[in-house]
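Student: Provided below for reference: sequence and predicted model.
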Amino acid sequence: MHPLDWLRFGTGGITPPITVVLDLLLSYVLAQLVAWLYIWTHKGLSYSRNLTHSLVLLSMVVTAVMLVIGDSVARAFGLVGALAIIRFRSVLRDARDTVFVFLSLTIGIAVGAHHYGIAVAAAVIVGLVAVQLDLTGFGQRNTDTGVLRIRTRSEVESVEALLTSWCRTHTLMSLKEATNGDSEYSFDIRLYHPGDREELVAAVRSLEGTSNVSVALEERAEEW
């Protein structure tokens, strides 16, 4: 009996132990790079420490799976059937998280199939693109539209006259009578300059009898 027969899978060849170890280590290093890039470039409230761990572990597990499958179609179908039993119930709230998961899977598959150049190129090039998109703010909309809500005793004509100085367009969406003679207005507005938000709020507050003013621009809602 050959001393390495314990490494033989079905009818496939022998995978040297050093190859298994080096493949798993390479998968680990590249997946670490992906995880760090995810941490550095992530924005918003959906960050998950468990996901960063999963990016590393998933790549290594997929590498091991690819080593097991080798060039055997039968083993591939067998593993697919076995993995189908598992139900993954974690929901990724951010589409960008899904991209990093697929990148980790790709690295694991490439390393397990011994396509090391593809694995390294995918990790480095996709990683650099992720950094470039983050640093340049690609896709962000410097929007100037939003909703203005006011509680005041001033007439709507006075409010609209003031808004004319600050907004390209303004449309009254709702008017509700409040207590103590106050009225609550909601306007759909488009500012001349998005940076004028604070100045607009200060100007509206200067109206007689104004007690509450809020401006919600779309960029605040879309930032994450």
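Tutor: Noted; the coordinates are in hand.

Student: only C-alpha atoms from now on, for both contacts and neighbour counts.
Tutor: Noted.

Student: could you list the low-pLDDT ranges of the protein?
Tutor: Along the chain, the parts satisfying pLDDT under 70 run over 1-15, 44-45, 74-75, 77-91, 140-143, 178-179, 218-224.

Student: what about the strands in it?
Tutor: 145-152, 167-177, 183-191, 212-217 (DSSP state E).

Student: how's the chain carved up into domains?
Tutor: 5-136, 145-222 (automatic domain parsing).

Student: can you put those in a markdown table and add mean neighbour count?
Tutor: Converted to a markdown table, the domains of the chain look like this (neighbours: other CA atoms under 10 Å):
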| stretch | mean neighbour count |
| --- | --- |
| domain 5-136 | 16 |
| domain 145-222 | 16 |
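
Student: show me which helix runs longest in this protein.
Tutor: The single longest helix within the chain, with elements called by DSSP state H, is helix 17-41.

Student: how far out from the middle of the chain is that one?
Tutor: Between the mean C-alpha location of helix 17-41 and the chain-wide mean there is a distance of 21 Å, by CA atoms, centre = their mean, to the nearest Å.

Student: then stretch 187-195?
Tutor: Worked out by CA atoms, centre = their mean, stretch 187-195 lies 27 Å from the chain centre.

Student: and that stretch, C-alpha only, in CSV?
Tutor: Extracted in CSV, the C-alpha atoms of stretch 187-195 (Å, rounded to 0.1, in the frame of the first residue of the first chain):
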residue,chain,number,x,y,z
PHE,A,187,-42.9,71.5,1.0
ASP,A,188,-41.2,69.5,-1.7
ILE,A,189,-38.2,71.7,-2.4
ARG,A,190,-35.2,71.9,-4.7
LEU,A,191,-32.4,74.1,-3.4
TYR,A,192,-30.1,76.3,-5.6
HIS,A,193,-27.2,74.8,-3.7
PRO,A,194,-27.3,71.7,-1.4
GLY,A,195,-24.9,73.5,1.0
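
Student: what sits up against the longest helix of the chain?
Tutor: By CA atoms under 8 Å, 6 or more residues apart in numbering, the list of residues contacting helix 17-41 from outside reads 7, 52-53, 55-57, 59-60, 63-64, 67, 100, 103-104, 107-108, 111-112, 114, 119-120, 123, 127, 130-131, 134.

Student: show only the entries of the residues you listed found in helices.
Tutor: Per DSSP H, the contacts of helix 17-41 map to helices at 52-53, 55-57, 59-60, 63-64, 67, 100, 103-104, 107-108, 111-112, 119-120, 123, 127, 130-131, 134.

Student: mind listing what residue 146 touches?
Tutor: With CA under 8 Å, 6+ apart, residue 146 has these contacts: 188, 189, 190, 215, 216, 217, 218.

Student: which member of those is positioned nearest residue 149?
Tutor: residue 215 (6.5 Å; CA to CA).

Student: against residue 202, how distant is residue 167?
Tutor: Going from residue 167 to residue 202 by CA to CA, to the nearest Å gives 14 Å.

Student: thanks a lot, catch you later.
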